[in-house]
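Asker: mind folding the following:
(2 chains, ligands or ions: 2)
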Amino acid sequence: MSGAVDDTPVLRVEDLSVEFRVRGAWWPAVRGLSFDVARNETLALVGESGCGKSITALSVMGLVPRPQGRVGSGRILFEGRDVAAMREAELERLRGDRMAMIFQEPMTSLNPVLSVGFQVSEALRVHRAIDAAAADAEALRLLEEVKIPSARRRFADYPHQFSGGMRQRVMIAMAIALKPALLLADEPTTALDVTIQAQVLGLLADLKSAQGMSMLFITHNLGVVAAIADRVAVMYAGEIVEIAPVARIFSGPVHPYTEALFRAIPRIDREEQSLDAIGGQVPPIDRMPPGCRFAPRCPARRPSCEASSQALVEVAPGHSVRCGVRAPAGARAA
Amino acid sequence: MIWYVAKRLLAAMPTLVAVLTVVFVIVRIIPGDPALTVLGDQATPQALAALREKLGIDKPLLAQYFDFITAALTGDLGRSLVSGRPVIQEVVAVLPHTLDLTISSLVLGTALGVPLGVWAALRRNRLADYVIRIVSLVGLSFPVFVSGIFLLMVFSLHYRLFPVIGTSNLADLGDRTWKLVLPTITLGLVMVAYITRVTRSAMLQVLSEDYVRTARAKGVPARLVIRRHALRNALIPVVTVVGLYLGINIGNSVLTEIVFNRPGLGKVIVTALNQRDYAMLQGLMVIYCFLIVVTNLLTDLAYGLIDPRVKQA
Ligand SMILES: Nc1ncnc2c1ncn2[C@@H]1O[C@H](COP(=O)(O)OP(=O)(O)OP(=O)(O)O)[C@@H](O)[C@H]1O
Ligand SMILES: [Mg+2]
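Answerer: Numbering: from 1, shown residues only, chains lettered A, B, ... in the order given. Ligands and ions are numbered 1, 2, ... in the order given. All right, here's what the predicted structure looks like:
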């Protein structure tokens, strides 16, 4: 052994497919998904609504909604252990402690009958042998850290007394309570105004540098991507179509979908997700085209695109693209 | 809390006056002369006039209405035409028996219904769920006079474990409990069936809520997720619906009291009906409405204890 820092990724997803039952049959909402998140790395997951970003994060947490959904195949290795094969009791030990998630829905994700302070302290109570007073003190510190105004006075308040932005910050406080090794952040700053958003992103960056935390960061906001990501994975219709270091994604996108998505100038104060340049919609999961899933909407489409599905091809070190036209298989393997 | 109760009581006043008005109108709409109905057509005009005066129905309608409302609001619901005793007295004498039965069957219904409902929800579409659903449906549609008589025949007549006659000595707690067992089971099983079904559907709803997923994401153990995060929220609709059901369930309590020959409001009503005791019936209607208003208030209070959003409003 070299004795150097452990360089196995915190998260390694291998050939993952997550399926949902639609009219009596199972259809993949996510398929053939493979990616790594290294220690101390932030991978941004971007793509249009419905492309499978949240489902990807939920499957890492072992929280794919049942019975209508399931992990069909593949492995999800968290710190080397397969989450998809774990028993619930084992998962419970990891969740909220080693890995945590900030959910997309701030309005409905807090329990209406429990006080905000208790909900923030709950993970501490569950995972650490500390008394209630110590848990409360730590929860209060966390609420102050996410800039809840007069946190002490509002500690015993209930979620309905909080605004959407404040609830989102409460969720962030909950998720970072135990300094997880991996944070799955599903559009964590959408309900926040620009100033608070910058503060929260700063807080997450601090956690990353101080604790070596890794993040899977889902967002629509390309400004946020530019500000926080090390690498970017672009998803379309349940598949990764391009994955690359953040600078390359902005300077030299290869996939026509990425091009369309990133044509907008990244700005932190603007929600950019308009794909006006390319019309049409993501097809529903039970009516996917047989070949390239983006082909029906693609400006660079060729007849061959619709015939067979495309492979993810590495066009440069750390940069892979799923496009038979722009990155034909065997053209360049690094 | 006290402020909340006071506010709720005040808010109930218009309801109560409205109810009194309806009762007043109903009694006046009934065709025929109450005095004539009571005394029969052989009665002398003098006797009829005397009774009319006693009942207060010789005055103008508006004056009658005013008298009725003020008397009722000060707790005077008139006197029974048969016994001559105040309606309130007759009711207060039997009320403990009715409350005993209502409360004990509610306790039984909650103690069994809530866990069964939770269990069925957790075992959704599996054997336990199907069995619980079918049994509770049967329990709901089974008339209490059938189950009551069945219990009487088996446990009182055949095995002689419980008394046949339900009149108990209120001061003797042992006797009082003893005679409560079979009636409680009869009425309680309906409550169990009902509460099971309501709890099951409320739990199913709550288990798919985002905040339950959040709790799981924190690593809260499954048992605690169910108890602390799901059940507490599921109880909100359960309390509401059960509170309403207590009012609707009066018919079943009356039947149960009659089957087990228990004293109580049910028997008082039936007696008054048989004897055409209008004054008594009018008083009883008011009292029943009052009890429903009180039940609703208690429901709202229970609601306020579980749901922090209520106190604000
Ligand atoms: N409960 C469900 N039942 C059936 N299908 C589902 C369910 N949840 C998700 N899906 C399917 O999975 C697909 C991906 O959903 P997901 O929530 O991951 O999208 P997303 O990328 O997070 O979108 P958004 O940006 O709107 O949050 C959806 O298009 C839908 O077809
Ligand atoms: Mg989503």
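Asker: quick one, what contacts the spatially closest residue to residue B:113 that is not a sequence neighbour?
Answerer: Excluding the flanking residues, the one nearest residue B:113 by CB to CB, 6 or more residues apart in numbering or on different chains is residue B:195, at 2.8 Å. All C-beta spots, glycine's among them, are computed from the backbone N, C-alpha and C. Taking CB atoms under 8 Å, 6 or more residues apart in numbering or on different chains as the contact definition, residue B:195 lies against B:109-110, B:112-114, B:117, B:238, B:242.
Asker: of these, which is the nearest to ligand 1?
Answerer: Distance to ligand 1, by CB to the nearest ligand atom, is smallest for residue B:117 among the contacts of residue B:195, at 24.2 Å.
Asker: need the pLDDT of that closest one.
Answerer: On the pLDDT scale, residue B:117 is placed at 97.
Asker: returning to that earlier point: tell me the least confident of the contacts of residue B:195?
Answerer: The lowest pLDDT within these belongs to residue B:242, with 88.
Asker: distance of the closest residue to that residue other than its chain neighbours relative to ligand 1?
Answerer: For residue B:242, ignoring the flanking residues on the chain, the nearest one in space by CB to CB, 6+ apart is residue B:195 at 6.1 Å. Here the distance between residue B:195 and ligand 1 works out to 30 Å (CB to the nearest ligand atom, to the nearest Å).
Asker: what helices and strands are in contact with the helix or strand encompassing residue B:67?
Answerer: Element membership for residue B:67, per DSSP states H and E: helix B:61-73. With contacts taken as 3 or more CB pairs under 8 Å, 6 or more residues apart in numbering or on different chains; DSSP states H and E, helix B:61-73 sits against helix B:2-29.
Asker: just give me how far the helix or strand just after the helix it packs on sits from the chain centre.
Answerer: Counting by DSSP H and E, the next helix or strand C-terminal to helix B:2-29 is helix B:34-39. Relative to its chain's centre, helix B:34-39 lies at 31 Å (CA atoms, centre = their mean, to the nearest Å).
Asker: in the following helix or strand past helix B:34-39, what's buried?
Answerer: Sequence order places helix B:45-55 as the next helix or strand after helix B:34-39, per DSSP H and E. The neighbour-count criterion (16 or more other CB atoms under 10 Å in any protein chain shown) identifies B:48, B:51-52, B:55 as the buried residues of helix B:45-55.
Asker: lowest-confidence entry in the residues you listed?
Answerer: Note: of those, the lowest pLDDT belongs to residue B:55, at 74.
Asker: doesn't residue A:320 make contact with residue A:244?
Answerer: Yes. Assessed by CB atoms under 8 Å, residue A:244 is found in contact with residue A:320 at 7.4 Å.
Asker: neighbour-wise, which of the two wins?
Answerer: Regarding residue A:244 and residue A:320, a neighbour count based on other CB atoms under 10 Å in any protein chain shown identifies residue A:244 as having more, with 26 against 23.
Asker: where does that one fall, secondary structure wise?
Answerer: Residue A:244 is part of strand A:239-245 when elements are defined by DSSP H and E.
Asker: quick check, that strand touching ligand 1?
Answerer: No. Residues of strand A:239-245 contacting ligand 1 under CB under 6 Å from any ligand atom: none, with a closest distance of 11.6 Å.
Asker: residues making contact with that strand?
Answerer: With CB under 8 Å, 6+ apart as the test, strand A:239-245 has contacts from A:30-35, A:230-235, A:249, A:253-255, A:257-258, A:293-294, A:312, A:316, A:318-323.
Asker: now do stretch A:45-59
Answerer: Applying CB under 8 Å, 6+ apart, the contact partners of stretch A:45-59 are A:13, A:16, A:18, A:29-30, A:33, A:64-65, A:69, A:71, A:76, A:84, A:101, A:104, A:184, A:186, A:216-220, A:222, A:225, A:232-238, A:261, A:273, A:275, A:282.
Asker: same for chain B: which of those are within range?
Answerer: Applying CB under 8 Å from any CB of the partner chain to the contacts of stretch A:45-59, one finds that A:65, A:101 fall near chain B.
Asker: which of the contacts of stretch A:45-59 are buried? Put it as a ChimeraX command.
Answerer: Buried members of the contacts of stretch A:45-59, defined by 16+ other CB under 10 Å, are picked up in ChimeraX with:
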select /A:13,16,18,29,30,33,64,69,71,76,84,101,104,184,186,216,217,218,219,220,222,225,232,233,234,235,236,237,238,261,275,282
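Asker: now, the contacts of stretch A:45-59 that are in helices?
Answerer: A:222, A:225, A:261 (DSSP state H).
Asker: distance of the last one relative to residue A:114?
Answerer: This means residue A:261. Noted for residue A:261: a distance of 39 Å to residue A:114, by CB to CB, to the nearest Å.
Asker: next up, the contacts around residue A:110.
Answerer: By CB under 8 Å, 6+ apart, the contact list for residue A:110 reads A:116, A:119, A:159, A:162, A:167, A:170-171, B:211, B:214.
Asker: make CSV from those residues and add neighbour count to it.
Answerer: Output for those, formatted as CSV (neighbours: other CB atoms under 10 Å in any protein chain shown):
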residue, neighbour count
A:116, 26
A:119, 24
A:159, 23
A:162, 19
A:167, 20
A:170, 26
A:171, 28
B:211, 23
B:214, 27
